[in-house]
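S.K.: I would like the atomic coordinates for the input below:
(one chain, ligands or ions: 1)
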Amino acid sequence: MIDIQHLSKRYGNFAALKDINLHIPEGTVFGFVGPNGAGKSTTMAILATLMLPTSGVARVDGFDVTRHPKEVRKRIGYMPDFFGVYDQLKTTEYLHFYGASYNIPRTEREKLIPQLLELVNLSDKRDVYVDGLSRGMKQRLCLARCLIHDPKVLILDEPASGLDPRARIEMREILKELKQMGKTIIISSHILPELAEMVDEIGVIEHGEMVAQGRVADIQARLRVKKVLHVRVMERQEELAARLQDEAMVSAVLSDNTGVHVHFGGGDLEQVQLLQKIISWGFAVISFHEAQTNLEDVFLEITKGGPAE
Ligand SMILES: Nc1ncnc2c1ncn2[C@@H]1O[C@H](COP(=O)(O)OP(=O)(O)OP(=O)(O)O)[C@@H](O)[C@H]1O
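M.R.: Now for the predicted structure:
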């Protein structure tokens, strides 16, 4: 359904995409992941026919985005990472406006719009002005707008960004429903676990290059993120993280508000020695245990280069 071959994009002298290849079969939910500035939005804008590639080919349902943009537009629903809503319109009017833009007759819209509002859990907001909606509601309204012409493909650029945990879960549930409806979905995020539950495949992009692509489990296996140790200390957590970076068996270190996550290649004996070492450095260890490898760890392992800017 989506086929990208040797796609490159330059902004002046800057190469934002470098020879990207991507093949997404129909009905797949594809998670497009990468740090800020990696090239996700650029790829999605090209797929959405809003930007021309410098070289290479991108096709949606067999149609070339450069040569047949109108055919592509019939087949896609695109949700950009930043979007505006017309503040003089009510929710229902807003969807009528977009439906009319796709030449959907009013009688059909009258039936369709309540269904769409129900799908995105906004039925009770049908007569509310769109600028009075919360951010999460606006995101869901924008999603409904993308669905109005029943596209086969959804291109969603960070649909859950800026949402609180409850709103994220709500968004995830809606996307699950869309998957069940057979849509092909490409969804970007710089937060991998957010996608974990719903994607069939992921592609990881960094500095404009695809660094890993395939089924989540395969990527996990390929990268052999064997063991992740989770360490909590009373204080000086950042110092501990920095020290652990230099340890021989350690391949990556992530420090967050839950503690330090250490990718560790050693066996039981080396693990004991590492704990002894941390204590000998004078850290007061609250806990030290093996955590389950999650997608965040995989992401960290792949994108060692960090953000582009
Ligand atoms: N119009 C533009 N002119 C010049 N450089 C641009 C332009 N748009 C994007 N870039 C650069 O291209 C690179 C890729 O940007 P892009 O927005 O595709 O990344 P992204 O992966 O979507 O990042 P984010 O997660 O922050 O949205 C970045 O370094 C960005 O600064």
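S.K.: count of neighbours near residue 175?
M.R.: 23 (other CB atoms under 10 Å). Using the backbone N, CA and C atoms, a C-beta is placed for each residue, glycine as well.
S.K.: that one looks like it's in a helix, true?
M.R.: Yes: with DSSP: H, G, I helix; E, B strand; the rest coil as the criterion, residue 175 is located in a helix.
S.K.: which neighbouring elements make contact with whatever helix or strand residue 170 lives in?
M.R.: Here residue 170, judged by DSSP states H and E, is contained in helix 165-180. If you count contacts as 3 or more CB pairs under 8 Å, 6 or more residues apart in numbering; DSSP states H and E, helix 165-180 packs onto helix 135-147, strand 184-189.
S.K.: okay, those, which one's buried deepest?
M.R.: For those, average neighbour numbers computed from mean count of other CB atoms under 10 Å are highest in strand 184-189, which has a mean of 24.
S.K.: show me what it pairs with in its sheet, parallel or antiparallel.
M.R.: Paired neighbours of strand 184-189 in the sheet (DSSP bridges): strand 29-33 (parallel), strand 153-157 (parallel).
S.K.: which residue does the stretch 51-200 of the chain have closest to the ligand?
M.R.: The minimum distance from the stretch 51-200 of the chain to the ligand, using CB to the nearest ligand atom, falls at residue 190 (4.9 Å).
S.K.: test my guess that that residue contacts residue 32.
M.R.: No: the criterion here is CB atoms under 8 Å, and residue 190 misses it with residue 32 at 10.0 Å.
S.K.: ok, the residue of the stretch 51-200 of the chain closest to the ligand - contacts?
M.R.: The contact partners of residue 190, by CB atoms under 8 Å, 6 or more residues apart in numbering, come to 33-36, 38, 40, 158.
S.K.: check these against the ligand, which are close?
M.R.: Counting by CB under 6 Å from any ligand atom, 34, 36, 38, 40 from these sit close to the ligand.
S.K.: just checking, which of the residues you listed belong to helices?
M.R.: residue 40 (DSSP state H).
S.K.: and the ones next to the ligand among the contacts of residue 190, which are buried?
M.R.: Buried members of those, counted by 16 or more other CB atoms under 10 Å: 34, 38, 40.
S.K.: which residues touch the spatially closest residue to the second one that is not a sequence neighbour?
M.R.: In space, not counting the residues next to it along the chain, residue 38 is nearest to residue 205; the distance is 4.6 Å by CB to CB, 6 or more residues apart in numbering. Under the criterion of CB under 8 Å, 6+ apart, the neighbours of residue 205 are 20, 32-34, 38-40, 43, 211.
S.K.: these into CSV, with extra columns for distance to residue 249 and pLDDT?
M.R.: Output for these, formatted as CSV (distance: CB to CB, whole Å; pLDDT from 0 to 100):
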residue, distance to residue 249, pLDDT
20, 34, 95
32, 32, 90
33, 27, 86
34, 27, 83
38, 29, 89
39, 33, 94
40, 33, 94
43, 36, 97
211, 23, 85
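S.K.: turn those into a markdown table, including distance to residue 174.
M.R.: Shown next, in a markdown table, are the contacts of residue 205 (distance: CB to CB, whole Å):
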| residue | distance to residue 174 |
| --- | --- |
| 20 | 28 |
| 32 | 18 |
| 33 | 20 |
| 34 | 23 |
| 38 | 25 |
| 39 | 26 |
| 40 | 21 |
| 43 | 23 |
| 211 | 29 |
